[in-house]
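Enquirer: Return atomic coordinates for the entry below.
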Amino acid sequence: MHFGVLALIFLAGASAVPISQENKLLITSEIYPEEYIVYSGEYDIVKLVVPLNNLNYGDNADSKYLFFFIEADRDEEGKRIDKGLYVFKDGSAKKLLDNGRDVAAAVDESKDAFIGANDGIYLYNDESVSVEKYGSISDSIIGIEKPLEYDIIYILTENKEVYIVSENGNKKERINDIVNAEQIVLDYDDNLYYLDSDKQVFVYNYLGIKKINGLPEFASNAQLLKPPVTSDGNVPIVVDEKLYLIDDSGKAEVFNNIEFGPDGKPSAYAMEAGLMHYYAKDKNIYEFDILDISIHGIKGLLGRVVNKYLSLGDELIALLGFINLV
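Expert: As a prediction, the model looks like this:
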């Protein structure tokens with residue numbers, strides 16, 4: 001199973017400490033080491049995006065990872081209140097937009113990052129660390145994705161419609177077959193997955209639309225995740241605190257080794273880069289450098305747990321075994 005999701009972070013704990021009768025690793029708030037915090041904010045962090053283009057590679061390959069994140073709050077009725085889209089660059093955060101909601105970047109040699117906001121699309125400028133309006137689209141956008149092979153952008157609007165945007169952001173065409181979409185995510189073959197208002201998942205591509213089978217029919221919550229670049233065609237999704245892998249064949253497979261406790265699920269995930277993962281929890285962003293962990297071990301509570309049950313040699317074997325699953 002090629003899976004670079006949360007198992008990569010919690011590493012050997014599942015085999016070292018059988019926490020439940022089913023020998024699953026139960027993820028709780030105690031599993032997040034304070035030593036890995038790189039940012040603390042005032043509001044919940046609801047989105048994390050790591051661009052896999054020359055914003056992080058090319059001439060910038062030796063610098064720290066650049067990533068985007070979005071903060072939000074809730075009013076008394078539970079309605080979301082946008083609190084800003086930020087870029088984290090060279091170890092510090094800068095707010096780019098008050099109303100940004102999502103970010104998309106193709107896996108290419110550009111430095112383009114497209115931002116979906118409540119008044120259209122913006123383009124990130126890395127030299128000035130700022131944004132500028134992109135095209136004339138003015139829809140209220142809640143999701144955005146950028147394919148590699150086509151000069152288009154997918155947007156998901158607040159009224160649950162998906163559009164193809166072209167001509168430098170000046171033309172849009174609705175995908176009429178996609179209805180009631182609430183989340184979208186692209187895999188690295190440009191298949192577009194979407195979650196509808198019934199918490200069912202579908203995949204859209206040139207062949208049409210296919211429902212993903214094998215997920216719970218009745219779910220209270222679900223979250224599509226951007227897969228690691230080495231994920232071999234799989235897309236992770238969290239459904240009611242359990243992890244699943246889905247693919248464009250329409251199949252879903254539960255990942256049985258990990259389950260989230262009531263206080264353990266991150267509010268946002270970013271595992272795109274494979275060996276560098278970012279997770280948000282309780283208004284903090286945690287950075288997990290998997291290669292560094294494999295060499296120097298695990299910090300904080302998780303490290304103490306693993307070190308108690310595993311010798312150094314066994315720990316490294318377990319770590320490298322998980323890394324090879326990516």
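Enquirer: C-alpha only now, for contacts and for neighbours.
Expert: Noted.
Enquirer: end-to-end on stretch 187-205?
Expert: Length of stretch 187-205, first residue to last, Cα to Cα, to the nearest Å: 11 Å.
Enquirer: Now do the strands in the stretch 1-150 of the chain.
Expert: 25-27, 37-40, 44-49, 67-74, 80-89, 92-97, 100-104, 114-117, 120-125, 130-134, 141-145 (DSSP state E, counting those that start in this stretch).
Enquirer: and the ones you listed as a markdown table, adding distance to residue 287 and mean pLDDT?
Expert: A markdown table is the format used below for these (distance: least, Cα to Cα, whole Å; pLDDT from 0 to 100):
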| stretch | distance to residue 287 | mean pLDDT |
| --- | --- | --- |
| strand 25-27 | 17 | 75 |
| strand 37-40 | 6 | 97 |
| strand 44-49 | 11 | 97 |
| strand 67-74 | 11 | 97 |
| strand 80-89 | 12 | 97 |
| strand 92-97 | 13 | 98 |
| strand 100-104 | 19 | 98 |
| strand 114-117 | 23 | 98 |
| strand 120-125 | 23 | 99 |
| strand 130-134 | 24 | 98 |
| strand 141-145 | 24 | 98 |
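Enquirer: all helices of this protein, in order?
Expert: Taking DSSP state H, the helices of the chain run over residues 7-10, 13-16, 290-296, 300-309, 312-324.
Enquirer: Mean pLDDT lowest where, among those helices?
Expert: Ranked by mean pLDDT, the helices of the chain bottom out at helix 13-16, with a mean of 33.
Enquirer: Excluding covalently adjacent residues, which one is nearest to residue 42?
Expert: Ranked by Cα to Cα, 6 or more residues apart in numbering and with sequence neighbours excluded, the top spatial neighbour of residue 42 is residue 283, at 6.5 Å.
Enquirer: And for the one you found, the neighbour number?
Expert: 17 (other Cα atoms under 10 Å).
Enquirer: contacting residues for it?
Expert: Contacts for residue 283 (Cα atoms under 8 Å, 6 or more residues apart in numbering) come out as 40, 41, 42, 43, 44, 45.
Enquirer: Against residue 262, how distant is it?
Expert: Residue 283 is 16 Å from residue 262, by Cα to Cα.
Enquirer: Measure how buried the closest residue in space to residue 155 that isn't next to it in sequence is and give me the count.
Expert: In space, and not counting its chain neighbours, residue 155 is closest to residue 144: 4.5 Å by Cα to Cα, 6+ apart. Neighbour count for residue 144, taken as other Cα under 10 Å: 26.
Enquirer: Kindly report the same for the one 4 residues further on.
Expert: The burial count assigned to residue 148 is 16, neighbours taken as other Cα under 10 Å.
Enquirer: Can you name the residues that contact it?
Expert: Here residue 148 is in contact with 106, 107, 108, 188, 190 (Cα under 8 Å, 6+ apart).
Enquirer: Which of these sits closest to residue 52?
Expert: residue 107 (5.1 Å; Cα to Cα).
Enquirer: in the sheet, who's paired with residue 89?
Expert: residue 92 (DSSP bridges).
Enquirer: Pretty sure it sits against residue 64.
Expert: Yes: contact criterion Cα atoms under 8 Å: residue 89 and residue 64 qualify, at 7.4 Å.
Enquirer: what about the two, which has more around it?
Expert: residue 89 (18 against 12).
Enquirer: and the gap between the more buried one and residue 95?
Expert: From residue 89 over to residue 95 (counting by Cα to Cα), the distance is 11 Å.
Enquirer: Quick check on the residue nearest to residue 42: phi, psi?
Expert: Backbone torsions of residue 283, given as degrees, to the nearest 10, read phi 70, psi 10.
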